[in-house]
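Asks: Sequence first, then the predicted structure:
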Amino acid sequence: MFFKSSAVFGSLILSSASLAGAAPARLNARQSGDLDCNIARVKVVGNVLEAARTARNLTQDLACDQTATALLANVTTNIIQTEDAIADIVLAVFNNQTAPSDSRQKVADGLTFAFEAASNITSPSTNVMDKVNQLKNELLLAGSAGNDVLTQCV
């Protein structure tokens, strides 16, 4: 699932510049968006991908701690669900359809649940906690950019 979503995310990033500058006439403003809208979309995708990378990097650091490993698995599951929901939204945009409201809600829920799980990870290692804080920051940035999408892509 992650690789399917990553391919769709890659196409979103590559297509955003053309959508922002010269959107086809058949797409309305909500679908193609202006420059600020598309920048916000790319920020969501970028921060979710960064959070996924950070979570993968934490896997080995937390391998000896069953509780932290379970929490990190929860984070990863929610990030994957977020990626899948974003892929559904991207597909709708490229098919000139309204983004499914349940997919938008899945993005918000996935980021929230991933953040909550990450917030419960503890470790005596400063290095590990720095990575956990980085993960939480990436999730917050993705959520903030998602809010920007909702306000700027009208």
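Replies: All right, it came through fine. Residues are numbered from 1 along each chain as shown.
Asks: Report the buried residues of stretch 90-97.
Replies: 90-91, 93 (16 or more other C-beta atoms under 10 Å). For every residue, glycine as well, the C-beta is placed using N, CA and C.
Asks: ok, residues contacting the host helix or strand of residue 105?
Replies: According to DSSP states H and E, residue 105 maps onto helix 101-119. Contacts to helix 101-119, defined as C-beta atoms under 8 Å, 6 or more residues apart in numbering, come from residues 44, 48, 51, 71-72, 74-75, 78-79, 81-82, 84-86, 88-89, 92, 132, 135-136, 139-140, 142-143, 146, 150.
Asks: Filter these down to just the buried residues.
Replies: Buried by 16+ other C-beta under 10 Å: 44, 48, 51, 71-72, 74-75, 78-79, 81-82, 84-86, 88-89, 132, 135-136, 139, 142-143, 146, out of the contacts of helix 101-119.
Asks: sorry, back to before: show me what the next helix or strand after the helix holding residue 105 is packed up against.
Replies: Sequence order places helix 126-152 as the next helix or strand after helix 101-119, per DSSP H and E. Applying 3 or more C-beta pairs under 8 Å, 6 or more residues apart in numbering; DSSP states H and E, we find helix 126-152 packed against helix 35-61, helix 101-119.
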